[in-house]
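[1] Next come a sequence and a model predicted from it.
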Amino acid sequence: AKMLRVLVLGLVVSPTLAFSPQAVIGSLSLRRSGTSPDLACSLRPRRSVGSRMMAGADVGTSEQVQDVGRGTLMAGGLSGSDAVKKVSGKVEGLYDAYPYPPEAVFDGVTVGYNHRWSWTHAYSAIHGEAPKSNAIDMLDAGCGTGVTAQYLSHLNPRATHFDALDLSSGALKVAKERAERADLIGKPNNANFHHMSLYDVADLDRTYDFVNCVGVLHHLPDPNRGLRALAERMKEGALMHIFVYSALGRREIMLMQEALALLQGESGYDDFTEGVRLGRAVFEALPNNTRVKQRENERWAMENARDSTFADMYLHPQEVDYTVETLLQWTDSVKDLGIEFAGFSNPKVWNLERLLGKDPAVLAKAKALTQRQQWRLAEILDPDTFTHYEFFLTKGKVTKKDWNIASESQLHEAFGIRQAGLQPWPSDRVFDESFNQIHLTDAEYELLQKCAQDPTVETMEWDEIEEPRQLKDMILEMEHKPTKQEILRMFNFEFLFLRSP
């Protein structure tokens, strides 16, 4: 979905393999053995297509689709740019029929808070400190109906330029209406919308500080090329946030996708309305104890009540899915451009203490693994949690500042910024990102009140912008003086951002 693989390897996996953990492991080991050293090369669909694949309604097994996408398999008679054009046309057709995301358009600013789309918050999460400047150039690559673009505009009002692009003219029409009704038109932080392929982003002739690509790269016929196209437009020190699908957490989705592809054949990607009708009929007919129906009812049914979400999930003509291993192999493919993997943007779910904390000995053994092995262990022990990967890439290496080892006087020299998304505010009881209620001490609450809020569109419009001050100056004015531990607690909850002097 639009909320982002790929080693394009030409493997024809036996159609008799069930989509089980054993089958996944087998396909992954085969994939490793066949990995090309040049992951950024041009699309090679012929390597994934055999004569068996092109007979009648043979649309590929879930394992094959996991590697390259069904659209690529079904374009097997074409090569290079012709295959890309055919697959991209099918994707464009889906989003013209069902613009995505399907969120309604309202007057005024309607978004809440998402730390992934706040430059201050994202930068602080990666670097350990707030940025010196919020005057940034932004890109939303695959903006769809403009939901993420509105978040980016809202949370980064000091942006100096913002481009947003999408392949679907229907989705862009909604995105432009959303921006207009949010009163963002004519402001530097409002998106300039472009009807174009992500592959052609260089045509905009601009580089960016902050790139967002959510739910897009996994739908490209050549995600290698897409990732490289974006990486080439990153400034030194830039951040890119990406969202792509996980194979393990979406295994039942992949099975239903294959079932509907078998029932419809290639013609199914010409009539998405009929595909939705058929898909809903299949779910209705299935016994309640079948695996795909159980997972749909437990996890996806509420959001899939909307046809656009159902179509995006089960009828997408091109989707590839990752594991931790193939994801990191993919991101490593742009290291020659100075791009580094900077970590997942939902790090708490990757914490092995969540899974193995009841047995300290087992947890210690797990923590002795490399970081990449720990991530892999987490997803195979708890695959249902990892339906997708969301992560940051950076242009250039990052040395993260550790305020925990700073002296109290060094801490007091820092400038303090209050997170814009604290709720409810003002209050001495606020929610953290996991919706746990955190009770602030008197000193913590007073300090956060003293701090300048990270600006949003509203604070700019209401002329409530405050410039950050050093902690030492604010503490002098406070009745309740915070300890070092209290300051660090607010920082570690990400309620407070610290900027070096």
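    All right, it came through fine.

[2] strand partners of the helix or strand containing residue 239, parallel vs antiparallel please.
    Using DSSP states H and E, residue 239 sits in strand 234-245. Paired neighbours of strand 234-245 in the sheet (DSSP bridges): strand 208-214 (parallel), strand 388-395 (antiparallel).

[3] Quick one: residues in contact with whatever helix or strand comes next after it.
    Downstream of strand 234-245, the next assigned helix or strand under DSSP H and E is helix 251-264. The contact list for helix 251-264 (Cβ atoms under 8 Å, 6 or more residues apart in numbering) reads 19, 24, 57, 59-62, 65-66, 70, 247, 268, 274-275, 278-279, 282, 291-292, 295-296, 300, 313-316, 319, 321, 383. C-beta coordinates here come from the backbone N, C-alpha and C atoms, glycine included.

[4] Narrow these to those that are buried.
    Among those, those classed as buried by neighbour count (16 or more other Cβ atoms under 10 Å) are 19, 24, 59-62, 65-66, 70, 247, 268, 275, 278-279, 282, 292, 295-296, 300, 313-316, 319, 321, 383.

[5] Let me know the pLDDT of the spatially most central residue of the chain.
    Centroid-nearest residue in the chain, with Cα atoms, centre = their mean: residue 243, separated by 2.2 Å. Reading off the confidence values, residue 243 has pLDDT 98.

[6] same deal with residue 80?
    Note for residue 80: predicted pLDDT of 75.

[7] What's the local residue count around it?
    Residues lying near residue 80 (other Cβ atoms under 10 Å) number 13.

[8] what's the spacing between it and residue 190?
    37 Å (Cβ to Cβ, to the nearest Å).

[9] do residue 337 as well
    Taking Cβ to Cβ as the measure, residue 337 falls 29 Å from residue 190.

[10] neighbour count winner among those two?
    Neighbour count, other Cβ under 10 Å: between residue 337 and residue 190, residue 190 has more, with 21 against 14.

[11] Check the residue nearest to the more buried one when sequence neighbours are not counted and give its pLDDT.
    In this structure, residue 190 finds its nearest non-sequential neighbour in residue 184, 3.9 Å apart by Cβ to Cβ, 6 or more residues apart in numbering. pLDDT for residue 184: 71.

[12] Residue 184 contacts residue 177, doesn't it?
    No: assessed by Cβ atoms under 8 Å, residue 184 is found out of contact with residue 177, at 11.4 Å.

[13] When these two are compared, which one has more neighbours?
    Per other Cβ under 10 Å, whichever of residue 184 and residue 177 has more neighbours is residue 184, with 21 against 13.

[14] Let me know the helix or strand that the more buried one is in.
    Using DSSP H and E, residue 184 maps to neither a helix nor a strand.

[15] so who does it touch?
    150, 153, 190, 191, 457.

[16] Most widely separated two among those residues?
    The distance between the two most remote of the contacts of residue 184 (Cβ to Cβ) is 13.0 Å, for 191 and 457.

[17] more neighbours, the two?
    Neighbour count, other Cβ under 10 Å: between residue 191 and residue 457, residue 191 has more, with 27 against 22.

[18] Now do the helices for the stretch 1-150 of the chain: every range, in order, please.
    Assigned by DSSP state H, counting those that start in this stretch, the stretch 1-150 of the chain shows helices spanning 21-33, 62-68, 70-74, 80-97, 119-127, 147-155.

[19] May I see the ones you listed arranged in a markdown table, with distance to residue 438 as well?
    Shown next, in a markdown table, are the helices of the stretch 1-150 of the chain (distance: least, Cβ to Cβ, whole Å):
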| stretch | distance to residue 438 |
| --- | --- |
| helix 21-33 | 38 |
| helix 62-68 | 40 |
| helix 70-74 | 45 |
| helix 80-97 | 40 |
| helix 119-127 | 17 |
| helix 147-155 | 21 |
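
[20] and stretch 270-289, which residues are buried?
    By neighbour count with 16+ other Cβ under 10 Å, stretch 270-289 contains the buried residues 272, 275, 276, 278, 279, 282, 283, 286.

[21] Neighbours of the closest residue to residue 118 other than its chain neighbours, how many?
    Nearest residue to residue 118, sequence neighbours excluded (Cβ to Cβ, 6+ apart): residue 155, at 4.3 Å. By other Cβ under 10 Å, 28 other residues sit near residue 155.
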